[in-house]
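Visitor: below: sequence and its predicted model.
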Amino acid sequence: METVLVTGATGFIASHLILNLLDKGYQVRGTARSAEKAERLKKILSDYAGKPVEIPIIAADLGSDDGWAEAVEGCTYVQHVASPFPATVPKHPDELIIPARDGALRVLKAAKAAGVKRVVMTSSFAAIGYGWGDNRPNPLTEAHWSNPDDLEDNTPYARSKTIAERAAWDYVEGEGKGLELAVINPVGVFGPAMSEDVSTSLQIVSQPLEGKLPAYPKICFGIIDVRDVAEAHARAMTLPEAAGERFLLSDKVMWMEEMGQVLREAYPDRKVPKGTLPNWLVRAASWFNPPLKQILPELGHDRQVSNEKLKRVLGITPIPAEDAIRASADSLIRLGVV
Ligand code: NDP
């Protein structure tokens, strides 16, 4: 039985990927910043799956060499999912860029040394659609790269994903030659949460359900369901034609106001806001509400994305965005988050 290492096993995407890989018959091992997280993860996975699920967890931090050699030992594949994904803008971009880039290189180097066949890395649409200014292609595809030096049309998080993914490709094209790499670039990931500790992307659903927003900023997001993201990682791991490729994952792009409409229809008893806030007001509010700084480069920008390669090469027809939004909301309500 082949063994797969999933880094950042405690995360939203990684948890779904672990269950997907176990269902396919792989032996799965995870890393977490602390091995103490194993017990909680066991409960989360078992509750969601409706049966006992337990995987070994090895402690490894992206910021340190410790643990990575042990984590990859005997693995045929590595799914490198871990990366800092905070809801707020850090004091210094290096707080995200250094662990994202150096952590990816630690994982790749350990994988190469252990004779791993292929690494699948979770990058992001953030490594494709930013830093284009007024020249943004429409639609954006896997052929496009964000420009991390454009600080206007970027966030530290987006820069961290671009720089980390570039470093990974440079590594396998140079020193790491022979190690296969496939990269997954999801847009905003929705779908069912497994635990109350929700990923940053799900706050886009939790905040309107909590009635915390007066109206929506004029921003749009590509939407993909986490179950498709898990399946895409699994298929990119073994499909021969996926080696050396990036895959942009999206069902479709929706304005926040349209997402609100889906929530209003599904939960008429909740005070889900209506309407759009003027851009100047969101910019002004970001001075008092720092998490809003994260969305400033998005204001008014329509970034259409292609999912042609996802369908053609990975053979995945995405779950409709509206279903992904409703699945997030249902899970957040069930878990008592909102
Ligand atoms: P989560 O926040 O749920 O998961 C992030 C994971 O990364 C956590 O397990 C976290 O561990 C781990 N991590 C963060 N920093 C470190 C570190 N220094 N050392 C070791 N592990 C670390 O987010 P998601 O599941 O949503 O994100 C997973 C991946 O998907 C990330 O690479 C993210 O950039 C990418 N992505 C996510 C999208 C989305 O919309 N959700 C869209 C596109 C890409 P811990 O539990 O210890 O904090």
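Guide: Received the coordinates, thanks.

Visitor: ends of stretch 67-80, how far apart?
Guide: Counting by CA to CA, to the nearest Å, you get 14 Å between the two ends of stretch 67-80.

Visitor: distance between it and the chain's centre?
Guide: Centroid separation for stretch 67-80 versus its chain: 20 Å, with CA atoms, centre = their mean, to the nearest Å.

Visitor: which residues are in contact with that stretch?
Guide: Here stretch 67-80 makes contact (CB atoms under 8 Å, 6 or more residues apart in numbering) with 2-7, 14, 17, 21, 26, 29, 31, 58-61, 104, 106-111, 113-114, 116-122, 233, 237-238. The C-beta positions use only the backbone N, C-alpha and C, and glycine is treated the same way.

Visitor: which of those fall in helices?
Guide: If you go by DSSP state H, the contacts of stretch 67-80 have 14, 17, 21, 104, 106-111, 113, 233, 237-238 in helices.

Visitor: those residues: which ones sit near the ligand?
Guide: Counting by CB under 6 Å from any ligand atom, residue 14 from the ones in helices among the contacts of stretch 67-80 sit close to the ligand.

Visitor: now residue 235: closest residue in space, sequence neighbours ignored.
Guide: Closest residue to residue 235 apart from its sequence neighbours, by CB to CB, 6 or more residues apart in numbering: residue 314 at 4.8 Å.

Visitor: swap in residue 155?
Guide: In space, residue 155 is closest to residue 294, 5.6 Å off (CB to CB, 6+ apart).

Visitor: quick one: residues contacting that neighbour.
Guide: So residue 294 contacts 87-89, 155, 157 (CB under 8 Å, 6+ apart).

Visitor: report the contact partners of the residue nearest to residue 235.
Guide: Neighbouring residues of residue 314 by CB under 8 Å, 6+ apart: 231-232, 235-236, 239, 242, 247.

Visitor: between which two of the residues you listed is the distance greatest?
Guide: Using CB to CB, these span at most 12.5 Å, a distance reached by 231 and 242.

Visitor: if we can go back for a sec, what's the closest of the contacts of residue 314 to residue 41?
Guide: residue 231 (20.6 Å).

Visitor: where's the closest one, which helix or strand?
Guide: Assigned by DSSP states H and E, residue 231 falls within helix 226-238.

Visitor: show me what that helix is packed against.
Guide: helix 12-23, strand 77-80, strand 118-122, strand 180-186, strand 188-190, strand 246-249 (3 or more CB pairs under 8 Å, 6 or more residues apart in numbering; DSSP states H and E).

Visitor: centre of the chain to the longest one, how far?
Guide: Helix 12-23 has its C-alpha centroid displaced from the chain centroid by 13 Å (CA atoms, centre = their mean).

Visitor: next one: the shortest one
Guide: Here strand 188-190 shows a centroid-to-chain-centroid distance of 7 Å under the convention CA atoms, centre = their mean.

Visitor: ok, stretch 241-260 next?
Guide: Distance, centroid of stretch 241-260 to centroid of chain: 11 Å (CA atoms, centre = their mean).
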